[in-house]
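# turn this into a model:
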Amino acid sequence: MQLILVRHGETPWNKEGRIQGTSDIELSDTGIEQARKLALSLKDSKIEAIHASPLKRAYRTAEIINSFHGRNIEVHPELMEMDQGDFEGLSFQELLACEKEFIHRWIADPASVKMPRGESLAELQDRVWPTVEKIIAGERNALVVAHNFIIAAILCRIRDISLSEFRSTCVDTASRTVIRFRDGRANIEVMNDRSHLTVPGL
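Alright, predicted model coming up:
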């Protein structure tokens, strides 16, 4: 089976460099256009199931892609982005200015350091992985529309690497990552692909 991991299109907070986590931010006009181009690039893919985070930016991206497939979008709270706690809504500049000590701890131990009144990457991976296992066990070509930390945590587990290496699995907005499962083995065929955003005519 094939698993396609998609990060939602751009939001105003992405453009402004704000931490959005579980904040329910809509797609921007740019994000909608990105999702449209992504949908066109996937229109001939054999997608048998579509799963999405309930957050508006992910669900709307899934809806736009689904316009070519007509599937029932299955919503999973477990696919929501990492709860950033007290950092929700801050710009990255504000975070760097006010939380230098925390940033140093996060850089040193990104797996277990917990966001103040939020989650850690380890907690996020523990909540999302059972849902991913069920999707994979369904043995149907599936599309999952989620968020950067969610996709990073999934890819760490699939690649069997520590969450401390999550930065090597981060993905950009409106990107797709394609994984093929065969005989119990996973092969990442495409990683963080955004080529569809620059194809003339799309």
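
# list the strands paired with the longest strand along the chain, with their directions.
Taking DSSP state E as the criterion, the chain has its longest strand at strand 185-193. If you go by DSSP bridges, strand 185-193 pairs up with strand 176-182 (antiparallel).

# contacts only, for the most centrally placed residue in the chain.
Centroid-nearest residue in the chain, with CA atoms, centre = their mean: residue 147, separated by 2.5 Å. Applying CB atoms under 8 Å, 6 or more residues apart in numbering to residue 147 gives the contacts 7, 8, 53, 55, 58, 79, 80, 81, 82. Bear in mind the C-beta positions are built from the backbone N, C-alpha and C, glycine included.

# now do it, the pLDDT please.
Looking at residue 147, its pLDDT reads 98.

# can you list phi and psi of it for me?
Taking degrees, to the nearest 10, you get phi -130, psi 170 for the backbone angles of residue 147.

# same check, this time on residue 51
Main-chain dihedrals, residue 51, degrees, to the nearest 10: phi -120, psi 140.

# correct me if wrong: it contacts residue 143.
Yes - using CB atoms under 8 Å, residue 51 is in contact with residue 143, at 7.0 Å.

# residues shared between the contacts of these two?
By CB under 8 Å, 6+ apart, residue 51 and residue 143 have these common neighbours: residue 62.

# can you count the residues close to residue 12?
For residue 12, the count of nearby residues is 16 (other CB atoms under 10 Å).

# quick one: contacts for the residue lying closest to it once chain neighbours are set aside?
Leaving aside its sequence neighbours, residue 12 sits nearest to residue 28 (CB to CB, 6 or more residues apart in numbering; 5.1 Å). For residue 28, the contact set (CB under 8 Å, 6+ apart) comprises 9, 10, 11, 12, 14, 15.

# which residue packs closest to the last one, ignoring adjacent ones?
In space, and not counting its chain neighbours, residue 15 is closest to residue 28: 6.5 Å by CB to CB, 6+ apart.

# residue 53 and residue 132, how far apart?
Note on residue 53: its distance to residue 132, by CB to CB, to the nearest Å, is 13 Å.

# what about the strands in this structure?
Under DSSP E, the chain gives strands at 2-7, 49-52, 73-75, 142-146, 176-182, 185-193.

# got JSON lines for those strands, with mean neighbour count too?
Converted to JSON lines, these look like this (neighbours: other CB atoms under 10 Å):
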{"stretch": "strand 2-7", "mean neighbour count": "24"}
{"stretch": "strand 49-52", "mean neighbour count": "22"}
{"stretch": "strand 73-75", "mean neighbour count": "16"}
{"stretch": "strand 142-146", "mean neighbour count": "27"}
{"stretch": "strand 176-182", "mean neighbour count": "17"}
{"stretch": "strand 185-193", "mean neighbour count": "13"}
